[in-house]
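>>> Fold the following and give me the result.
(one chain, ligands or ions: 2)
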Amino acid sequence: MADPKKLYIKTYGCQMNVYDSERMAEALGGSGYVETSTPDDADMILLNTCHIREKAAEKVYSELGRFKGLKAEKPDLKIGVAGCVAQAEGEEIMRRQPMVDLVVGPQSYHRLPEKEDQVRGGKKALDTDFPAEDKFEVLRKRPKAARGPTAFLTVQEGCDKFCAFCVVPYTRGAEVSRPAERVLAEARELVERGVREITLLGQNVNAYHGEGPAGPNGAGGDWSLARLIWALAEVDGLERIRFTTSHPNDMDNDLIEAHGTCDKLMPYLHLPVQSGSDKVLKAMNRKHTAKSYLRLIERIRAARPDILISGDFIVGFPGETEADFADTMALVEAVRYGQCYSFKYSTRPGTPAAERAQVDESVKADRLARLQALLTDQQRAIQDAMVGQTVKVLFEREGRMPGQMAGKSDHLHAVHVVGEGIGIGDLTPVRITQSGPNSLSGVKAA
Ligand code: 5AD
Ligand code: SF4
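Ligands and ions are numbered 1, 2, ... in the order given. Take a look at the predicted model:
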């Protein structure tokens, strides 16, 4: 038998890309590829790109430049670009980097084997369609091999919200939900293979409605994320459920209530607000106010008092004044976040805000530093308060130190424990003894 061909995938960006890279590797597994951890011995290199960060496309072009030497040494090497930069740039990629053989957008991964055939035959392949078929169904079924205790599961893709700074509605397309029975079947299969925690993924995951595109008034299909969570909670052997990322306007009553009543739903919620100024929120087309967000947080905390809230912020959005920024700081003070991502606004070609007058770079940098200092203080305070408490930890891997095991608490804190008798996949009570900059450590509780 011929040696298997080697596939090197480099993944950028969000968890959805991590999930997609796994699916692409499986799809190409059917065409005789095995994964390799280095580009040097690869027969195919795939960059699974992200378009969220600044100058994303430029970074992809320079990364591709680094493969020139490899391609010169090995003319049979095929190079592909997948993900959101592929979707946004399309043909332009092959024009600027003629050594690229394959460009494939996120909605077309199930056609990869076919495209691979095409490039092996010496042709170029470009596929940035938004096809009607469910790519996850068409993608080769996962091999039944055992896997680690945690997994991502994409349930929804795309977004209809059109925040003025964001490329997602353009690169991932309109909001589409996967049918619930398919999600449940995939979850059961993951659990059979050893998974005990599933994180449901979607760009706007709480808009989940269970069937195809959203209808004219929002939902199409009679599912909701809450109903999906309750159905998943029935799966024996699945111990923990999480979801990310949510829009405040799609946090319905049932989902809030589930946080209070569903034991398997973990007490952690990523709920980006982006800004605390109503003027900026309006300019961002967020369709909520600072007050409505704070009220929502109150209701969620009433349902689940110990829930850890995380968020995303953008500073220096076009038109943001010092007073607007002060409103953001005040909102952060009011919420008390456990974990946050914060960014300087940067333009994305094709989005409305890119055309507006921009805030000075030095002003942005100064505001970001002040915001991050506050967020870090809050994160540390919440983490430090865990010392002395006993928390449940799902162990995922060995730690860096001898005899150390690493896992995550219900609140998604990284926890390290040194000691005998803990295995990967164990869900074990741990007494927290110490809080470090980015993780907790503790001892196995009796
Ligand atoms: N500039 C800065 N940050 C952005 N994000 C999305 N688009 C931009 C942009 N143009 C941030 C938002 C979003 C997170 C995933 O990335 O905070 O929630
Ligand atoms: Fe982008 Fe999220 Fe806004 Fe959708 S809701 S446009 S994904 S920031």
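>>> strands paired with the host helix or strand of residue 152, and their directions?
Taking DSSP states H and E as the criterion, residue 152 maps to strand 150-154. When pairs are called by DSSP bridges, strand 150-154 turns out to pair with strand 197-201 (parallel).
>>> Tell me which residue in the stretch 101-250 of the chain sits closest to ligand 1.
residue 165 (3.9 Å; Cβ to the nearest ligand atom). Heads up, the C-betas are built off the backbone N, CA and C, glycines and all.
>>> My read is that that residue contacts residue 317, right?
Yes - here residue 165 reaches residue 317: they are 6.6 Å apart, a contact under Cβ atoms under 8 Å.
>>> Mutual contacts of those two, please.
Common contact partners of residue 165 and residue 317 (Cβ atoms under 8 Å, 6 or more residues apart in numbering): 274, 284, 345, 353.
>>> so what's the closest residue to residue 363 other than its chain neighbours up against?
Leaving aside its sequence neighbours, residue 363 sits nearest to residue 316 (Cβ to Cβ, 6 or more residues apart in numbering; 6.3 Å). By Cβ under 8 Å, 6+ apart, the contact list for residue 316 reads 344-345, 358-360, 363-364, 367-368.
>>> Check the gap between the residue in the stretch 1-150 of the chain that ligand 1 sits nearest to and residue 27 for me.
Nearest residue of the stretch 1-150 of the chain to ligand 1: residue 52, at 5.1 Å (Cβ to the nearest ligand atom). Residue 52 sits 24 Å away from residue 27, taking Cβ to Cβ, to the nearest Å as the criterion.
>>> Settle it for me: which of these two has more neighbours?
residue 27 (22 against 17; other Cβ atoms under 10 Å).
>>> quick one: the more buried one is in a helix?
Yes - according to DSSP: H, G, I helix; E, B strand; the rest coil, residue 27 belongs to a helix.
>>> show me where the stretch 51-200 of the chain has helices.
With helices called from DSSP state H, counting those that start in this stretch, the stretch 51-200 of the chain shows them at 56-65, 68-73, 83-89, 91-96, 112-120, 135-138, 168-171, 180-192.
>>> would you list those helices in CSV and tack on mean neighbour count and mean pLDDT?
CSV is the format used below for the helices of the stretch 51-200 of the chain (neighbours: other Cβ atoms under 10 Å; pLDDT from 0 to 100):
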stretch, mean neighbour count, mean pLDDT
helix 56-65, 16, 90
helix 68-73, 12, 90
helix 83-89, 26, 90
helix 91-96, 15, 92
helix 112-120, 19, 91
helix 135-138, 16, 70
helix 168-171, 22, 90
helix 180-192, 17, 94
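>>> Could you provide these in a markdown table, with additional columns for distance to ligand 2?
Shown next, in a markdown table, are the helices of the stretch 51-200 of the chain (distance: least, Cβ to the nearest ligand atom, whole Å):
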| stretch | distance to ligand 2 |
| --- | --- |
| helix 56-65 | 14 |
| helix 68-73 | 34 |
| helix 83-89 | 11 |
| helix 91-96 | 22 |
| helix 112-120 | 25 |
| helix 135-138 | 19 |
| helix 168-171 | 4 |
| helix 180-192 | 20 |
